[in-house]
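> when you get a sec, could you give me coordinates for this:
(one chain, ligands or ions: 1)
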Amino acid sequence: MLARVRPAATPLWATYAAWLAPASLAARCGYATQANATALSFAEHGSPERVLRLQHTDLPATLGDHEVRIHLLAAPINPSDINTIEGKYPIAPELPGVPGHEGVGEVEAVGSKVTRMRPGDRVVPIEHGQGTWRTHGVFNELHWYKIPKDIPLGTAATMVINLPTAVKLLSDFVQLAEGDTLVQSGASSHVGRLVIQLAKSRGINTINLIRDRPERAEQERELRSLGATLVTTAAECRQALQAAGLPKPKLGLDCVSSASLQRDSAAACAKVLAPGGTLVVYGAMSQQPLTVPPGLLIFNDIRIRGFWLTGGFAKMKDGWRAKEQLVDHVCALFRTKVIRPVDVECLPLEQWEKALQRVASDDRTGKVLLTSFPPDEIRG
Ligand code: NAP
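Below you'll find the predicted structure:
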């Protein structure tokens, strides 16, 4: 279980006593007191239900000069984590390995030459593949970044992948101005919800495609409350756009694909784009091929681009610095209330099978986090 860390009012004498306690002195001198860790791990690729195992290990009693021991407080289950376990993601840990690209933790002990953080700091991973689905781990200090403690745990646990992705989808492809329109598939996803909020803050209209399911009305209401201009389905998109009288979108964002006649999200986005518009493909939730009518490219000069956050940073000379700046930026977006706290469902690490079922369920109400904190504390 991811153990809980609760802030509490501490009398002065207790602060000094704690500072002088052997464990505290050891932590500040680079000696980590022995810790046990529980982790989900996989020794081969395959479906998570089949290959994941919960394991208990001891962590080293001493830390290397630049190592830090981190107590993981919460970690989301993202589509890329599932793909990594399945062996369908370009980056995978050495096996046996621990899944989890995103999360938030608290530093427990630091090596003698660590300067970027100290015990008690809140940190997020800025290097992919750190393996966040565990209670504790020993990591290289350069792979983690200190964040302010006033960011709620749920938002902190989901701030190094989806938030930067939403920011870059809106900034790196088409320069959108107030009054412009974008269309996106998978609008109910975490990324989709962030895109809606960022666009709303800049006065950009959003046409949001969701699946036609019994929960549709509830999802529509939620997305409208975040600032969605129009919520519709792939099949109804064109008529809905005409009825709303919005300008044709200059930007399309697709994370679904879905090569089926009535529910083809990528094609639905492409078909409503303004001539010369850009469709950015950043996910493939349906695991189906991308199909776009060729006439849209020939006669409407539609451009199709791909986006991969991790790959983009890896190509940059100082990618880690750019990632730190993006994390600072998303903290500011949260503080200025551009981004609302993320809705979450919380399950402890021991209940990982149930957590995976919740990820796949139709009535999921938020991002599924592996954590022992209750949702109201995590949400902030
Ligand atoms: P999420 O919150 O877990 O939501 C998953 C979304 O996928 C929901 O909108 C869900 O719709 C939809 N979905 C699931 N299965 C589907 C299917 N078979 N057909 C159509 N829609 C389906 O996801 P997330 O963490 O925001 O990630 C969203 C996408 O962005 C993923 O594809 C992820 O890999 C991608 N992503 C890419 C990058 C990058 O750098 N390229 C970075 C971050 C995320 P319902 O609500 O109807 O269930």
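> contacting residues for the residue nearest to residue 166 when sequence neighbours are not counted?
Leaving aside its sequence neighbours, residue 166 sits nearest to residue 194 (C-beta to C-beta, 6 or more residues apart in numbering; 3.6 Å). Where you see a C-beta, it was placed from the backbone N, CA and C, and this is true even at glycine. By C-beta atoms under 8 Å, 6 or more residues apart in numbering, the contact list for residue 194 reads 162-163, 165-166, 339.
> what's the answer for residue 206, then?
181-184, 187, 195-196, 199-200, 227-230.
> which one of those residues has the most neighbours?
residue 183 (31 neighbours; other C-beta atoms under 10 Å).
> quick one: that residue is in a helix?
No: counting by DSSP: H, G, I helix; E, B strand; the rest coil, residue 183 falls outside a helix, being strand.
> tell me the confidence at it?
With respect to pLDDT, residue 183 has a value of 98.
> test my guess that it contacts residue 271.
No: with contact defined as C-beta atoms under 8 Å, residue 183 does not count as touching residue 271 (9.4 Å).
> the strand or helix carrying residue 138: what's the following helix or strand?
Following DSSP states H and E, one finds residue 138 within strand 136-140. As assigned by DSSP H and E, the chain's next helix or strand after strand 136-140 is strand 144-147.
> contact residues of this structure facing the ligand?
78-80, 161-162, 165, 186, 188-192, 210-211, 255-256, 258, 282-283, 285-286, 307-309, 367 (C-beta under 6 Å from any ligand atom).
> which members of the residues you listed are positioned in strands?
residue 367 (DSSP state E).
> any chance of a PyMOL selection covering the buried ones in the residues of the chain next to the ligand?
Here is the PyMOL command that selects the buried residues among these (16 or more other C-beta atoms under 10 Å):
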select buried, resi 78+79+80+161+162+165+186+188+189+190+191+192+210+211+255+256+258+282+283+285+286+307+309+367
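> among the residues of the chain next to the ligand, which ones are in helices?
79-80, 162, 165, 190-192, 309 (DSSP state H).
> so the nearest residue to residue 178 once chain neighbours are set aside is in which element?
Of all residues not flanking residue 178 in the chain, residue 203 sits nearest, at 3.6 Å (C-beta to C-beta, 6+ apart). Assigned by DSSP H and E, residue 203 falls within no helix or strand.
> same question for residue 334.
helix 319-335.
> got the buried residues for that helix?
319, 323-324, 326-327, 330-331, 333-334.
> out of the contacts of residue 194, which comes closest to residue 134?
Here the nearest of those to residue 134, counting by C-beta to C-beta, is residue 162; it sits at 20.8 Å.
> how about low-confidence regions in the stretch 151-300 of the chain?
Along the stretch 151-300 of the chain, segments meeting pLDDT under 70 span 259-262.
> what residue in it comes nearest to the ligand?
For the stretch 151-300 of the chain and the ligand, the shortest gap (C-beta to the nearest ligand atom) falls at residue 283, measuring 2.3 Å.
> related to what we said a few turns ago, wait, the residue nearest to residue 178 touches residue 176, no?
No: if you go by C-beta under 8 Å, residue 203 and residue 176 don't touch, sitting 9.3 Å apart.
> more neighbours, these two?
The neighbour comparison of residue 203 against residue 176 (other C-beta under 10 Å) goes to residue 176, with 19 against 11.
> nearest residue to that one in space, ignoring adjacent ones along the chain?
Residue 176 sits nearest to residue 204 (C-beta to C-beta, 6+ apart), 5.2 Å away.
> how close does that neighbour get to residue 277?
14 Å (C-beta to C-beta, to the nearest Å).
> go on, residue 358?
Taking C-beta to C-beta, one finds residue 358 at 36 Å from residue 277.
> the two: who's more crowded?
Comparing residue 358 with residue 277 by other C-beta under 10 Å, the one with more neighbours is residue 277, at 23 against 18.
> I'd like the distance between the more buried one and residue 252.
7 Å.
> residue 350 too?
Taking C-beta to C-beta, one finds residue 350 at 41 Å from residue 252.
> so which of the two has more stuff around it?
For residue 350 and residue 252, the more surrounded residue by other C-beta under 10 Å is residue 252, and the numbers stand at 30 against 15.
> got JSON lines for the buried residues of helix 319-335, with distance to residue 127 too?
As requested, these are exported to JSON lines (distance: C-beta to C-beta, whole Å):
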{"residue": "319", "distance to residue 127": "10"}
{"residue": "323", "distance to residue 127": "8"}
{"residue": "324", "distance to residue 127": "11"}
{"residue": "326", "distance to residue 127": "14"}
{"residue": "327", "distance to residue 127": "12"}
{"residue": "330", "distance to residue 127": "17"}
{"residue": "331", "distance to residue 127": "18"}
{"residue": "333", "distance to residue 127": "22"}
{"residue": "334", "distance to residue 127": "22"}
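> now these as JSON lines including pLDDT and distance to residue 248?
Output for those, formatted as JSON lines (pLDDT from 0 to 100; distance: C-beta to C-beta, whole Å):
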{"residue": "319", "pLDDT": "77", "distance to residue 248": "35"}
{"residue": "323", "pLDDT": "89", "distance to residue 248": "34"}
{"residue": "324", "pLDDT": "92", "distance to residue 248": "37"}
{"residue": "326", "pLDDT": "92", "distance to residue 248": "30"}
{"residue": "327", "pLDDT": "94", "distance to residue 248": "34"}
{"residue": "330", "pLDDT": "93", "distance to residue 248": "30"}
{"residue": "331", "pLDDT": "95", "distance to residue 248": "35"}
{"residue": "333", "pLDDT": "95", "distance to residue 248": "28"}
{"residue": "334", "pLDDT": "94", "distance to residue 248": "32"}
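> just checking: what are the partner strands of the longest strand seen in the chain?
Of all the segments of type strand in the chain, defined by DSSP E, the longest one is strand 67-76. Here strand 67-76 has these sheet partners by DSSP bridges: strand 104-110 (antiparallel), strand 136-140 (antiparallel), strand 367-370 (antiparallel).
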